[in-house]
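> the sequence and its predicted three-dimensional model are supplied below.
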Amino acid sequence: MAWSDFLHAVQFMTRLPVDRWVGYDPTAMPRCVVFFPAVGAAIGLAGGVAYLLAGSFPHTIAVLFAMLVPVLLTGALHEDGLADAADGLCGHAPVERALEIMRDSRIGSYGAVALAFLLAFRFAAIDHLGSVWAIMRAMIAAGAVGRAAAVALMSTCINLRNESPTSGPFGSGLPPGALIPCLGITVVGAIVLLGFSVSPVIAGVAVAFALRQYFVRRLGGITGDCLGAAIALTELTVLVFAAAS
């Protein structure tokens, strides 16, 4: 059961072809979210390995490979969510109009600017980390904490879009008693990975909490785009503070 739930988490969070091993099971979706931080850590690890394998290239090119691989693995899922959320929320549109804008696949000015700054800050943070092991540890920790932010939001906020087959099952949230262990293990693991530097994790948690409060106040709940934005921004915060530590 745990392996099946993990594969469902991989299926939802990445573009990896796991369909051959696990089909779509709506009853597994609320359970599989506990594995989101583990999937995020694996995605971060893949970015670190990409930097390691690109070691024969100049440092800045290796950094771009480290950025590219996670985007390929996720299909730019979280970047797309950030862009859509920025387009819908950065203006002064009422709730219904904001949700309509977020449904539009076209990117607007706010979304383009948000993506540009996200990628620029991500590059600068990874570039500043310097050594391959520092990059690998930071990317693993950031990937896990970023997905833990999504788990926290899904478990404590109203899902405003239960109509789709992929988002609907998450409305029921985590199984009772699973949230605290999931988040606790992620936070402790990230702190250990970062050499017991707590500031990147604290900053990531603070950003995730601030985004949760904003989404609830602005929209009354969350959408998939909100989750993507929370993942991208929380992950970025951990990377930036890890680079500054």
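Yep, that arrived.
> contacts for stretch 104-121?
With CB atoms under 8 Å, 6 or more residues apart in numbering as the test, stretch 104-121 has contacts from 67, 79, 82-87, 90-91, 101, 232-233, 236, 239-240. Every C-beta, even on glycine, is put in place using the N, C-alpha and C of the backbone.
> and the strand or helix carrying residue 37, how far from the chain's centre?
Element membership for residue 37, per DSSP states H and E: helix 36-53. When C-alpha coordinates are averaged (CA atoms, centre = their mean, to the nearest Å), helix 36-53 and its chain have centres 12 Å apart.
> who are the packing partners of whichever helix or strand comes after it?
Once helix 36-53 ends, the next helix or strand along the chain (criterion: DSSP H and E) is helix 59-74. Where contact means 3 or more CB pairs under 8 Å, 6 or more residues apart in numbering; DSSP states H and E, helix 59-74 is packed against helix 36-53, helix 109-129, helix 132-156.
> can I get the lowest-mean-pLDDT helix or strand in the chain in CSV, CA atoms only?
When each helix and strand of the chain is scored by mean pLDDT, DSSP states H and E, helix 29-32 comes last, with a mean of 77. This file holds the C-alpha atoms of helix 29-32, laid out as CSV (Å, rounded to 0.1, in the frame of the first residue of the first chain):
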residue,chain,number,x,y,z
MET,A,29,-4.9,10.4,-3.6
PRO,A,30,-5.6,11.8,-0.1
ARG,A,31,-3.1,9.2,1.3
CYS,A,32,-0.3,9.8,-1.2
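> quick check: angle from the helix holding residue 37 to helix 59-74?
140 degrees (axes from the mean of the first three to the mean of the last three CA atoms, to 10 degrees).
> now do helix 36-53 and helix 109-129, the angle between them.
Using the same axes, to 10 degrees: helix 36-53 against helix 109-129 is 60 degrees.
> helix 36-53 packs against which elements?
helix 2-13, helix 59-74, helix 132-156, helix 179-193.
> which outside residues touch that helix?
Applying CB under 8 Å, 6+ apart, the contact partners of helix 36-53 are 6, 9-10, 13-14, 62-63, 65-70, 73-74, 126, 132, 135-137, 139-148, 150-151, 182, 185-186, 189, 231, 235.
> in stretch 218-238, what's buried?
219, 221-238 (16 or more other CB atoms under 10 Å).
> and stretch 3-15, by the same measure?
Neighbour-count burial for stretch 3-15 flags 5, 6, 7, 8, 9, 10, 11, 12, 13, 14 (criterion: 16+ other CB under 10 Å).
> dump those to a markdown table, plus pLDDT.
Putting these into a markdown table (pLDDT from 0 to 100) gives the following:
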| residue | pLDDT |
| --- | --- |
| 5 | 82 |
| 6 | 86 |
| 7 | 86 |
| 8 | 84 |
| 9 | 88 |
| 10 | 90 |
| 11 | 88 |
| 12 | 87 |
| 13 | 91 |
| 14 | 91 |
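> which one of those is nearest residue 200?
Distance ranking of the buried residues of stretch 3-15 against residue 200, using CB to CB, places residue 13 first at 21.5 Å.
> and the residue nearest to the closest one when sequence neighbours are not counted, how many neighbours does it have?
The spatially closest residue to residue 13, leaving aside those adjacent along the chain, is residue 39, at 4.8 Å (CB to CB, 6 or more residues apart in numbering). Close neighbours of residue 39, defined as other CB atoms under 10 Å, add up to 25.
> what about residue 39, distance to residue 33?
Distance of residue 39 to residue 33, given as CB to CB, to the nearest Å: 10 Å.
> between these two, which contacts overlap?
Counting by CB under 8 Å, 6+ apart, the shared contacts of residue 39 and residue 33 are residue 9.
> phi first, then psi, for the most far-flung residue of the chain relative to its centre.
Distance from the centre of the chain peaks at residue 56, with 29.3 Å (CA atoms, centre = their mean). Main-chain dihedrals, residue 56, degrees, to the nearest 10: phi -80, psi -10.
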